[in-house]
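# structure, please.
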Amino acid sequence: MGDDCSMLTPCEDDCSGHGLCSHGACHCAPGYTGVNCSVPLACPNGCSAHGVCRHGACHCEPGYSSTDCSVAPKKVLASGLRMPQLMGLSVLVLVGGVMSGVAVKAAADRRRRVRLMRFIEEGGDGQGPFVSEVRQAITG
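Predicted coordinates for the structure are as follows:
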């Protein structure tokens, strides 16, 4: 401004304290707009009462989404199963557990028998006559 360009061109209202003045034009801070940065940016739909408006953008509560926080979180059902289905599934789990327990017990008993037979055949405690009686009882 001026004949020799030594004066700065002022900005309207000094950018209302919400921006920087450069060669007569305001460059607004985030969240403000207008020729003199006097208009705060509004958030869409007021963030649908499920968020906070900052610099013209919604910051939504947990679970809410969209530019205006209008999309609610989905409700997830605990299982989605009805009572008969739940009862059937429970019985299936119970039977499977019992069968697994029986199989584990049988395997453990077999291992114990094999170890006992090996001990007896090796003459574990030197009681010869007793060994044949125990062997007959086990294989029986």
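
# CA atoms for contacts and neighbours, from now on please.
Will do.

# quick one: mean pLDDT for the longest helix anywhere in the chain?
Criterion DSSP state H: the longest helix present in the chain is helix 83-121. Mean per-residue pLDDT for helix 83-121: 91.

# what packs against it?
helix 128-139 (3 or more Cα pairs under 8 Å, 6 or more residues apart in numbering; DSSP states H and E).

# closest to the centroid, which residue in this protein?
In the chain, the residue lying closest to the centroid (Cα atoms, centre = their mean) is Gly63, at 12.2 Å.

# didn't that one look like it was pressed against Ser70?
No: Gly63 lies out of contact with Ser70 (Cα atoms under 8 Å); the separation is 10.5 Å.

# give the helix, strand or coil label for the residue nearest to Val35 when sequence neighbours are not counted.
Here the nearest residue to Val35 in space, its sequence neighbours aside, is Cys26; by Cα to Cα, 6 or more residues apart in numbering that works out to 6.6 Å. What DSSP: H, G, I helix; E, B strand; the rest coil gives for Cys26 is strand.

# Cys26 and Cys11 touch, don't they?
Yes: assessed by Cα under 8 Å, Cys26 is found in contact with Cys11 at 6.4 Å.

# give me the phi and psi for Ala29.
phi -70, psi 160 (degrees, to the nearest 10).

# that one against His18, yeah?
Yes: contact criterion Cα under 8 Å: Ala29 and His18 qualify, at 5.6 Å.

# so what sits against both of these two?
Cys37 (Cα atoms under 8 Å, 6 or more residues apart in numbering).

# who's more crowded, the two?
Between Ala29 and His18, counted using other Cα atoms under 10 Å, the more crowded position is His18 (20 against 15).
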